[in-house]
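Asker: A structural model of the following input is requested.
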Amino acid sequence: MCLFAMICVSRQTEQDQDWVQQVAQTDIDGDEDYKDTEEDRQAFASADFSDSALPCLQRAEGENVDMEVGIALNRTYVNRGAEFDVFRHDADDQLESVASLPAVRDLSGEFISPTKTLLHENDTRLLMLDDRKDRVLAMDLERGKVISEWTTGGKPIRSINPMAKYAQRTSESMINAVNENTLFTIDPRINSSNKTAQKYEYAKSTKANLSTLATTGTGHLAVGSETGEIRLYCEVGQRRKNLLPGLGAPIRAMDVTEDGKWVLATCDTFLLLVPATVEKANGKIFSQFEGKPVKLLLSPEDLAKYGITKVRLTSARFNTGVDIQESWIVSSTGPYVITWNFGKFKRGGGLTYEIKKASSSIVAEQFRFGHDEVVIATDRNVFKARRR
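Answerer: Residues are numbered from 1 along each chain as shown. Here you go, the predicted structure:
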């Protein structure tokens, strides 16, 4: 059964206009009678946001550009362009430097600079996209070298994602991918140079302009686009189940709660939080858009207070873990980490946020799997922030 169910609309309809206006008018203050709980008051501590952050191993040149935090193994990989620094949590639960991996080369020996990365197969592989855009490079993390390249018959790749939200904790070898007009799977077991398996391809005249994707715990997909639209699929190869009109801003990243009930889209200057529900009656699944979508913005007062003149949000993520209820959303802009209290919002309170300043510009942040801690990479350092 497909868990995704949202209102299905067509482009340029009155429903579209109503939906867009509904987003603009969404009230995120919560119920007037709501009383803060102790959990609501457990904000992320500022003590960890300091110049004493653990430095990455020093390089002759280059800065941190991205980060992947393992969810199967105790490892964090910080991308410094063509090289990676490796960290772990020690016996005292503090971050420590473990190693540095040599500059990445493809199978022909050419140096590459990864543009996107994804941990894979129990965190033993690191998948990478590069400027060639028509291949996935698979690095064996024990050996620190690329051991295979998965090509797609010349089909460009914009983004890759696990087959299910936590599939990287398993031996699953396949991945999902998107390009401008196609949602497809890549299967490295295919005995040909083209590793494309199932696909759903839009006609060029459709101008789907797909950009990024995310998967639920059962493998249903939410796909964002450069036009801001969100499409939902039960599986690759099938027609979309639903289409939500965009607000005009390109979607840069997506996340979904494990149960598929909330979709989170990252645009440059705001986040969009969309509820998804499912109803089943008489053996049939009925789509229903229940509740209001929420547009998450920094307030004008906070922009002025912190001197933020330009907002470009990093990929927003929910906290993660086995059998948890997602309670937090984290993103950043410049040196500022922003954490939204999603748990309070679901309990009927306002969707409040907290801002903390790091020592320098932040390039990526991600919740540690199963913990209320955020691992943060700035352009030079890596450290973590935990709740009080």
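
Asker: where along the stretch 1-150 of the chain do the strands fall?
Answerer: Assigned by DSSP state E, counting those that start in this stretch, the strands in the stretch 1-150 of the chain fall at 66-69, 76-79, 84-89, 95-101, 116-120, 125-129, 135-140, 145-151.

Asker: now mean pLDDT and distance to F369 too, for those strands, in CSV please.
Answerer: Backbone N, C-alpha and C define where each C-beta goes, glycine included. Listed next are the strands of the stretch 1-150 of the chain as CSV, based on pLDDT from 0 to 100; distance: least, Cβ to Cβ, whole Å:
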stretch, mean pLDDT, distance to F369
strand 66-69, 96, 7
strand 76-79, 96, 11
strand 84-89, 94, 11
strand 95-101, 91, 15
strand 116-120, 97, 11
strand 125-129, 98, 16
strand 135-140, 98, 20
strand 145-151, 97, 25
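
Asker: domains of the chain?
Answerer: Domain assignment for the chain, taken from automatic domain parsing, gives 1-32+152-296, 34-95+312-388.

Asker: thought G219 was touching N161?
Answerer: No: taking contacts as Cβ atoms under 8 Å, G219 lies outside contact range of N161: 10.4 Å.

Asker: so N319 sits against F367, correct?
Answerer: Yes: between N319 and F367 there is a contact under Cβ under 8 Å: 4.1 Å.

Asker: mutual contacts of these two, please.
Answerer: When contacts are counted by Cβ atoms under 8 Å, 6 or more residues apart in numbering, N319 and F367 have 328, 330 as shared neighbours.

Asker: which sections of the stretch 51-200 of the chain are below the confidence cut-off?
Answerer: Applying pLDDT under 70 to the stretch 51-200 of the chain flags the ranges 51-62.

Asker: show me where it has helices.
Answerer: Secondary structure of the stretch 51-200 of the chain by DSSP state H, counting those that start in this stretch: no helices are present.

Asker: neighbours of D85, just the number please.
Answerer: Using other Cβ atoms under 10 Å, the number of residues around D85 comes to 23.

Asker: hmm, I was thinking of L95
Answerer: L95: 18 neighbours (other Cβ under 10 Å).

Asker: same check, this time on the one 5 residues further on
Answerer: For S100, the number of neighbouring residues by other Cβ under 10 Å comes to 17.

Asker: list the contacts for it?
Answerer: 57, 83-86 are the contacts of S100 under Cβ under 8 Å, 6+ apart.

Asker: A103: which of the domains of the chain is closest?
Answerer: domain 34-95+312-388 (4.3 Å; Cβ to Cβ).

Asker: S193 and T152 touch, don't they?
Answerer: No: applying Cβ under 8 Å, one finds S193 not in contact with T152, separated by 9.1 Å.

Asker: and the two? Which one has more around it.
Answerer: T152 (21 against 12).

Asker: how close does the more buried one get to T124?
Answerer: According to Cβ to Cβ, to the nearest Å, T152 and T124 sit 23 Å apart.

Asker: for L101, same thing?
Answerer: 14 Å.

Asker: shared neighbours, those two?
Answerer: L141.

Asker: got the residue ranges for the strands in the stretch 201-350 of the chain?
Answerer: Counting by DSSP E, counting those that start in this stretch, the stretch 201-350 of the chain has strands at residues 210-215, 221-225, 230-233, 242-244, 253-256, 262-266, 271-275, 277-281, 284-288, 294-296, 317-318, 328-333, 336-341.

Asker: contacting residues for the nearest residue to V256 once chain neighbours are set aside?
Answerer: Ranked by Cβ to Cβ, 6 or more residues apart in numbering and with sequence neighbours excluded, the top spatial neighbour of V256 is A214, at 4.6 Å. A214 makes contact with 161, 165, 221-222, 254-256, 263-264, according to Cβ under 8 Å, 6+ apart.

Asker: who wins on neighbours among those residues?
Answerer: That'd be A222 among these, by other Cβ under 10 Å, with 29 neighbours.

Asker: so where is the stretch 201-350 of the chain shaky, pLDDT-wise?
Answerer: Checking the stretch 201-350 of the chain against pLDDT under 70 turns up 239-241, 277-291.

Asker: residues of stretch 176-190 that come out buried?
Answerer: 176-186, 188 (16 or more other Cβ atoms under 10 Å).

Asker: would you reformat the strands of the stretch 201-350 of the chain as JSON lines and include distance to A72?
Answerer: Output for these, formatted as JSON lines (distance: least, Cβ to Cβ, whole Å):
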{"stretch": "strand 210-215", "distance to A72": "16"}
{"stretch": "strand 221-225", "distance to A72": "22"}
{"stretch": "strand 230-233", "distance to A72": "26"}
{"stretch": "strand 242-244", "distance to A72": "32"}
{"stretch": "strand 253-256", "distance to A72": "18"}
{"stretch": "strand 262-266", "distance to A72": "23"}
{"stretch": "strand 271-275", "distance to A72": "27"}
{"stretch": "strand 277-281", "distance to A72": "29"}
{"stretch": "strand 284-288", "distance to A72": "33"}
{"stretch": "strand 294-296", "distance to A72": "30"}
{"stretch": "strand 317-318", "distance to A72": "17"}
{"stretch": "strand 328-333", "distance to A72": "21"}
{"stretch": "strand 336-341", "distance to A72": "25"}
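
Asker: for these, which one sits closest to T309?
Answerer: Between these, strand 328-333 lies closest to T309; by Cβ to Cβ that is 10.6 Å.

Asker: strand partners (parallel or antiparallel) of that closest one?
Answerer: When pairs are called by DSSP bridges, strand 328-333 turns out to pair with strand 317-318 (antiparallel), strand 336-341 (antiparallel).

Asker: out of the buried residues of stretch 176-190, list just those in strands.
Answerer: 176-178, 182-186 (DSSP state E).

Asker: could you dump these to CSV with distance to G144?
Answerer: Rendered in CSV, the data for these read as follows (distance: Cβ to Cβ, whole Å):
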residue, distance to G144
N176, 26
A177, 25
V178, 29
T182, 32
L183, 32
F184, 29
T185, 27
I186, 23
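
Asker: now the helices for the stretch 251-388 of the chain?
Answerer: For the stretch 251-388 of the chain, applying DSSP H, counting those that start in this stretch gives helices covering 300-305, 342-346.
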